[in-house]
Structure formats: structure tokens, C-alpha cells
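# Sequence and predicted structure, then a few things I'm wondering about:
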Amino acid sequence: MEAADFEAVLDAIRTFVRKEVVPAEEVIEKTDEIPEAIRAKAAEMGLFGYALPEEYGGLGFSMAEDVRLAMEVGHTAPAFRSMFGTNNGIAGQVLVNFGTDEQKQRYLPGLAAGDTIASFALTEPEAGSDPSGLRTRAVRVEGGYLLKGQKRFITNATRADLFMVFARTATDNGDTEGTKGISVFAVESGSEGLTIGPKDEKMGQRGAHTAEVFLDDVFVPESALIGGVEGEGFSAAMRSLARGRLHIAAICVGLAQRLVEESVNHAATSRQGGRPIAEFQQVQAMLADSQSEVLAGRAMVLEAAKAYDDGSDRRMAPSCAKLFCSEMVDRVADRAVQIHGGLGYMRSVAVERFYRDARLFRLYEGTSEVQKVIIAKQMLKGAGR
């Protein structure tokens with residue numbers, strides 16, 4: 001996309017978020033749903049396919065463009081981004097990077113238009129940030145596979161039309177332990193034996209639904225095996241998650257900037273002892289710490305996105321950005337509540353809601369602890385040789 005065209009798209013999205021989504025935040029919180037008018041407008045603007053190839057109806061954003069968009073949509077309730085994030089990110093990228101031409105033609109246009117909602121079904125009770133404990137099985141039968149297992153915390157599961165399901169298939173030597181023998185399948189909703197549990201009751205991020213997914217001998221044809229090759233699931237997951245982690249880091253920057261704005265506005269208008277609390281040096285110190293961290297996170301994300309696009313670092317930098325920015329937004333949220341005082345603990349105040357929303361970023365798409373392991377392993381490669 002030409003630079004001028006991208007800036008025009010970004011400006012339109014920025015306006016949409018601030019004029020239509022932000023005013024609907026309380027409705028989203030109370031109803032646990034994204035208003036249909038907002039969903040329809042997001043689809044019309046191309047948000048369900050901004051990171052998908054243009055040949056399939058997407059906007060084809062680079063990673064550098066992706067993170068700038070994420071900072072804008074991060075300005076509001078995280079559920080808004082979650083509505084279309086999986087289509088562009090961890091689920092959609094499995095198809096983009098590993099799907100056959102037939103699979104791309106079949107599914108990507110619907111994902112890009114928002115007519116199809118995809119879910120990334122990797123996490124299990126004993127396999128979260130580390131998929132080596134994955135237990136869902138895919139047993140080869142005549143004409144295809146039978147999938148049996150359980151997934152949990154699956155985003156958009158209650159709304160999904162298509163699931164990217166990760167399951168173990170036997171390798172040539174029968175090794176199906178650890179990261180070996182993991183394959184990924186396209187499973188359509190309504191498949192016999194596929195059951196979706198009730199939506200989870202979460203601490204925050206109302207409007208973004210997660211649920212358990214049960215697979216009881218779900219038959220899928222051979223054409224459902226992504227890429228037509230067994231054993232590619234771990235690579236597909238890691239590649240999708242690396243891009244997703246950088247996107248989440250950018251969302252955290254956007255939310256942190258919103259929290260800073262809420263804090264500044266409150267400090268400038270709230271009075272104690274006859275003067276604005278913004279005149280108190282300890283309040284100023286909290287504001288300064290938060291703004292400094294936001295700028296540091298922004299710079300890190302933009303630099304990591306540049307390295308992702310040129311191929312020089314698609315492993316360590318996304319994890320560094322996700323680790324720093326997800327931890328950073330929690331600190332900024334905590335200061336925002338502190339600056340608001342007792343009011344910051346009230347459900348009617350935005351920073352209270354964002355305080356609960358922000359906590360999840362340190363957990364999904366790889367916990368902070370897992371990011372540290374990834375970073376350290378990349379740092380130590382070749383050391384001492």
C-alpha cells in the first residue's frame with residue numbers, strides 16, 4: 001500500500017475509534033457484546049483483513065503498518081481489537097503462511113470480508129504457552145482424520161465459523177512427543193462431534209469471548225490438513241505467534257497512551273486542598289514515569305516491526321516487545337488508578353476497566369515467563385562455541 005493511502009486509512013480508523021467505539025465502551029462492558037453497528041463498520045473499513053493479502057480481499061499491511069494500526073485500535077476496549085484480531089493474526093496467518101492455494105482461496109476472502117470468523121485452537125488444559133504438552137490427537141482414517149481432544153480459552157470460539165485446530169499426528173518414526181508430530185487442521189463449525197462450551201466469565205476484556213472447544217471424533221477430510229503436510233503445526237503456531245506477539249505489544253502501547261491521557265485529564269481537573277492534583281510533585285512523577293514508558297514501548301515496537309519486515313529478527317524482538325509492553329501497560333494502569341484515587345476503584349471510571357483489561361496481556365500468546373525463555377535462548381545461541 002502506498003504511504004499516502006496507508007495514512008488515509010489510519011486517519012479514518014483513528015476517527016472511527018475515537019468517535020464511535022470509545023463512546024460505546026460502557027455498552028460493551030455492560031452487555032459483554034460489540035454493537036452490531038460497530039462490527040459492520042469495522043468490516044466495511046477492512047479491519048477484518050488488514051493483514052491478509054490483497055489478492056484475497058485484504059489490505060496487505062506490512063508489520064510496520066500493522067503495529068501502527070494496533071496502536072490506534074488499542075486506544076479503546078480490547079474487545080474491539082479481539083473481534084477481528086484473530087482473522088488477521090494467529091488464525092489467519094496460519095492460512096497465509098502454510099495453507100495450500102485451495103485452502104487460501106476457500107477461506108481467506110471470507111476472513112478478509114468479516115463474513116467468516118476464525119479461531120486459533122491451540123491451548124489445552126496441559127498445553128498453554130508451551131505447546132509441547134498438547135494432547136489432542138488426529139488419527140488417520142479412510143479419507144481423512146478423526147480429531148479427539150479438548151481446547152480451552154479459545155478466543156471467538158462461540159462465534160467462530162472456522163477453527164485452526166492443532167493436534168498430534170504420528171511421524172514416520174512414531175515420535176509424537178514434545179513439539180514433534182503436531183499438525184494443524186481447518187475445522188468448520190457445525191462439524192459433527194465439535195462442541196463449544198459456554199463463554200468464560202473473565203476478570204476483564206468484556207465483549208471478547210473465550211470458551212472451551214471439545215472434539216469428539218470430529219472427522220475432517222485430508223483437504224483440511226493445512227498445507228497438506230503432517231508435522232508442520234508447531235512451525236505454523238510459532239510463526240503466527242511471533243507476529244501476534246508484536247501486534248499485542250502495539251495494542252499495549254495504544255492502551256497505555258489512553259491511560260496516560262485519562263490520568264492527565266483527571267490530574268488537571270481534580271482538586272484537593274483547593275488546587276489541582278496535577279500541581280503535586282508525586283502525581284507529576286507518576287505521569288512522567290508512565291509517559292516515558294509509553295514512548296519507550298512505542299520505539300521498541302516500531303523498531304521490532306522494521307526488523308520483522310526485513311527478516312532480520314522474527315523471533316527475539318517480538319518477544320522482547322511483548323514482554324516489555326505487556327508489563328509496561330500494567331504499571332501504567334496501576335498508576336492511573338492511583339492518580340484517580342478512590343474514584344479509580346469505581347466501576348464507572350475508564351481506568352478501573354482498563355486496569356482489569358490490561359492484566360490479560362501478560363498471559364496470552366505466551367506468558368511473560370515464556371517470553372524470557374525465548375529471549376534468553378536467542379541470546380545464548382552460539383555463545384561459548
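Done, it's in. Numbers count the residues shown, from 1 in each chain.

# just the helices in the stretch 151-300 of the chain please.
233-269, 281-310 (DSSP state H, counting those that start in this stretch).

# Determine which stretch of these is the most buried.
Per residue and on average, the most neighbours among those fall to helix 233-269, with a mean of 23 (mean count of other C-beta atoms under 10 Å). Every residue, glycine included, has its C-beta placed from N, CA and C.

# taking the mean pLDDT, what do you get for that one?
For helix 233-269, mean pLDDT is 97.

# Compute the inter-axis angle for it and helix 281-310.
150 degrees (axes from the mean of the first three to the mean of the last three C-alpha atoms, to 10 degrees).

# tell me the phi and psi of the residue lying farthest from the centre of the chain?
Ranking residues of the chain by C-alpha distance from their mean position (C-alpha atoms, centre = their mean) puts G274 at the top, at 44.2 Å. Main-chain torsions, G274, degrees, to the nearest 10: phi 90, psi 10.

# what about this structure, any weak spots by pLDDT?
The model of the chain has pLDDT under 70 over residues 170-177, 385.

# how about the strands of it, start to end?
For the chain, applying DSSP state E gives strands covering 118-121, 137-141, 144-155, 162-168, 182-188, 194-196, 210-221, 271-272, 275-276.

# so which of those gets nearest S82?
Evaluated with C-beta to C-beta, these place strand 144-155 nearest to S82, the distance being 6.2 Å.

# that older thread, G366: which of the helices of the stretch 151-300 of the chain is closest?
Nearest of the helices of the stretch 151-300 of the chain to G366, taken as C-beta to C-beta: helix 233-269 at 6.1 Å.

# re earlier: distance to K104 added to the helices of the stretch 151-300 of the chain, as a markdown table?
A markdown table is the format used below for the helices of the stretch 151-300 of the chain (distance: least, C-beta to C-beta, whole Å):
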| stretch | distance to K104 |
| --- | --- |
| helix 233-269 | 14 |
| helix 281-310 | 21 |
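
# Any idea which of the ones you listed gets closest to T136?
Taking C-beta to C-beta, helix 233-269 is the member of the helices of the stretch 151-300 of the chain nearest to T136, at 10.3 Å.

# quick one, the closest one and strand 137-141 angle?
Using the same axes, to 10 degrees: helix 233-269 against strand 137-141 is 140 degrees.

# Now for F48: which residues touch it?
42, 84, 87-88, 111-114 (C-beta atoms under 8 Å, 6 or more residues apart in numbering).

# So which of those is surrounded by the most neighbours?
Among the contacts of F48, the one with the most neighbours (other C-beta atoms under 10 Å) is N87, at 31 neighbours.

# who's in contact with it?
By C-beta under 8 Å, 6+ apart, the contact set of N87 is 48-49, 52, 111-112, 114, 116-118.

# do that again at 6 Å, thanks
Contact analysis of N87 by C-beta atoms under 6 Å, 6 or more residues apart in numbering lists 48, 111, 118.

# Next, work out how far apart it and L95 are.
10 Å (C-beta to C-beta, to the nearest Å).

# M286 now?
The gap separating M286 from L95 is 44 Å, by C-beta to C-beta.

# same question, D217
From D217 to L95 the distance is 25 Å (C-beta to C-beta).

# next one: A186
Look at A186 and L95: by C-beta to C-beta, they are 8 Å apart.

# between the two, who's got more neighbours?
Set side by side, A186 and L95 show more neighbours around L95, with 27 against 22, by other C-beta under 10 Å.

# do you know how far G193 is from A127?
Using C-beta to C-beta, G193 is found at 20 Å from A127.

# Could you do E142 as well?
Taking C-beta to C-beta, one finds E142 at 29 Å from A127.

# Closest one of the contacts of F48 to Q378?
N88 (25.4 Å).

# and F6, how many neighbours?
Around F6 there are 17 other residues, counting by other C-beta under 10 Å.

# what's the nearest residue to it if we skip its chain neighbours?
Distances taken as C-beta to C-beta, 6 or more residues apart in numbering place E65 nearest to F6, at 5.7 Å, with adjacent residues excluded.
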